[in-house]
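> Compute the structure for the input listed below.
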Amino acid sequence: MSPLPYDLDPELYYFPRRAAADVLTPNDTQKVTLIVAACYVVAIAILPYLEELLYPFKLLTVGMHEMSHAIAGVLTCASVEQITLDPHEGGSTRMRGGIPAITLPAGYLGSSFIGACLIACGFDTDASKVACLVLAFFWILTLWWARRSWIAFATIALMAALVIICWLVAHSVALRFLVLFIGVMSCFYAIWDIVDDTLARKVNTSDASEYANIIGCCGSRFWGAFWLIIACCFFVAGILVGIAAFKDDWHTQAEKADNFLGGK
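Modelled structure (predicted):
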């Protein structure tokens with residue numbers, strides 16, 4: 001007779017570990033996606049040499065950064081007055097009220113979170129379509145706050161046209177890689193910006209320096225490094241969620257894409 005009232009089956013004990021390993025093992029389609037994402041990372045890493053080519057995407061990323069500030073402001077009862085996108089200085093968000101301890105880090109962390117979500121959606125065509133619809137809503141919201149900025153209108157109009165073209169061509173496969181690129185750009189540009197503003201140059205007017213002044217401890221480099229770690233975690237999480245959630249191969253994704261909101 002067993003000394004325990006139940007049996008410990010080793011197969012049952014090791015099943016969750018095996019299942020997790022299977023879920024997080026990329027298939028052939030996902031491996032291609034990972035290779036493309038790695039190429040995007042390299043392109044963004046040499047951004048100064050590709051600045052003109054990536055300029056519209058950079059402005060879009062800055063817009064998402066400022067939109068994150070604005071949304072955090074609204075959630076903390078602030079009155080958002082204006083979002084500005086400057087071709088040389090980047091962006092700025094002007095608001096009254098709110099909680100600065102929440103609205104200041106929301107720019108970097110919000111754009112990193114959005115980037116991670118887009119990276120995950122970039123593993124699947126239908127998920128990319130849904131992501132574009134959600135992005136469209138937030139772009140319209142951003143345009144309302146940035147209605148005096150013609151640069152914001154031009155940037156979002158260009159992105160909207162690119163999304164429509166990618167949506168309608170070749171079973172929307174191009175849309176998936178566009179969403180993946182915007183996600184990687186948003187996530188890694190936030191990381192690059194944190195390093196540039198707080199760890200490399202230590203800009204006195206950066207979000208991190210203002211946050212350190214409000215909190216009253218640790219300094220801008222500490223908070224920049226802290227946000228950098230969180231941004232990197234978001235990037236890794238986006239990759240893992242994409243691998244775990246979207247296992248369809250190219251053919252299956254193409255069939256589903258044709259039956260979901262068009263895209264021949």
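
> any idea whether Arg94 is helix, strand or coil?
Applying DSSP: H, G, I helix; E, B strand; the rest coil to Arg94 yields a three-state assignment of strand.

> Which helix or strand contains Ala70?
helix 51-75 (DSSP states H and E).

> Quick check: next helix or strand after that helix?
With DSSP H and E, the next secondary element past helix 51-75 is strand 79-86.

> Give me the below-cutoff pLDDT ranges for the stretch 151-264 of the chain.
Scanning the stretch 151-264 of the chain for pLDDT under 70 picks out 196-205, 262-264.

> Could I get the full set of helices for it?
Secondary structure of the stretch 151-264 of the chain, counting by DSSP state H, counting those that start in this stretch: helices at 173-194, 207-215, 219-245, 250-258.

> and the helix holding Ala70, what other elements does it pack with?
strand 79-86, strand 90-96, helix 100-121, helix 125-145, helix 150-168, helix 173-194 (3 or more C-beta pairs under 8 Å, 6 or more residues apart in numbering; DSSP states H and E). The way it works is simple: take the backbone N, C-alpha and C, and place the C-beta from them, glycine included.

> for the ones you listed, which one sits closest to Thr61?
helix 173-194 (4.6 Å; C-beta to C-beta).

> Just list what that closest one packs against, helices and strands only.
helix 28-45, helix 51-75, helix 100-121, helix 125-145, helix 150-168, helix 219-245, helix 250-258.

> hang on, the earlier thing: I'd like the helices and strands packed on helix 51-75 as a markdown table, with distance to Tyr49 and mean neighbour count appended.
Formatted as a markdown table, the helices and strands packed on helix 51-75 follow (distance: least, C-beta to C-beta, whole Å; neighbours: other C-beta atoms under 10 Å):
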| stretch | distance to Tyr49 | mean neighbour count |
| --- | --- | --- |
| strand 79-86 | 22 | 18 |
| strand 90-96 | 19 | 17 |
| helix 100-121 | 22 | 24 |
| helix 125-145 | 28 | 19 |
| helix 150-168 | 21 | 17 |
| helix 173-194 | 14 | 25 |
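
> mind putting the ones you listed in CSV, distance to Cys233 included?
Converted to CSV, the helices and strands packed on helix 51-75 look like this (distance: least, C-beta to C-beta, whole Å):
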stretch, distance to Cys233
strand 79-86, 27
strand 90-96, 24
helix 100-121, 9
helix 125-145, 20
helix 150-168, 27
helix 173-194, 10
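
> Let's see the pLDDT reported for the nearest residue in space to Lys247 that is not next to it in sequence.
Taking C-beta to C-beta, 6 or more residues apart in numbering, and ignoring the residues beside it in sequence, Lys247 has Asn27 as its nearest neighbour in space, at 6.2 Å. pLDDT, Asn27: 91.

> right, and Asn27 touches Phe246 too?
No. In this structure Asn27 lies outside contact range of Phe246 using C-beta atoms under 8 Å: 9.8 Å.
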